[in-house]
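# Give me the fold of what follows.
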Amino acid sequence: FQVKSENRKTIWNIDEVPEGSEFDDTWDPREQPEYEILFKQCVGTEDVFFGMSGKDPSTACCEDIVIKIKLPETKYSDITLDIQDKVLDLRTPKKKLLLHLPYPVNSKEGRARFLSEEEILEVTLRVSRKFDFINFA
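Numbering: from 1, shown residues only. Sure, this is the predicted structure:
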């Protein structure tokens, strides 16, 4: 048995701690709102009809993540939203959502809009991924 850490008194390895766990606060009694994660990709006729670009309907070919969060009885001014590379942190007086994102995102290029009639916050985030044979543009 070898300890990988430099400090031999630690009880876990730093690689075992999930990224974004510093945002977790289990003591907060606010309930989690309902949310939906959607993936969005830009396709043209060459993709739809001819399949020329090599894109498929999987999430590996998507450029954006769209998160729709239901916030009933909430005003736009009460929403606090913090987005990191892999974590979305939303707080309102009645609800809180700490969401670990499925892919790393560019936190500086996101958009959020509050649809007041539907009481939904829609957050669109650009996925930041390495270029490969599918994601080359």
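
# Correct me if wrong: Ile65 contacts Arg129.
No: Ile65 is not in contact with Arg129 according to Cβ atoms under 8 Å; the separation is 11.2 Å. Heads up, the C-betas are built off the backbone N, CA and C, glycines and all.

# okay, and the common contacts of those two?
Tyr103 (Cβ atoms under 8 Å, 6 or more residues apart in numbering).

# Which one's more surrounded, the two?
For the pair Ile65 and Arg129, the greater number of neighbours falls to Ile65 (21 against 14), based on other Cβ atoms under 10 Å.

# Just the element for that one, please.
strand 64-70 (DSSP states H and E).

# Now do the end-to-end distance for stretch 84-99.
Start-to-end span of stretch 84-99 (Cα to Cα, to the nearest Å) is 10 Å.

# Repeat that for stretch 83-97.
Start to finish, the residues bounding stretch 83-97 are 12 Å apart (Cα to Cα).

# In the strand holding Ile65, which residues are buried?
Asp64, Ile65, Ile67, Lys68, Ile69 (16 or more other Cβ atoms under 10 Å).

# mind checking pLDDT for the residue nearest the centre of the chain?
Central residue of the chain (Cα atoms, centre = their mean): Leu101, 3.3 Å from the mean position. pLDDT, the model's per-residue confidence, is 91 for Leu101.
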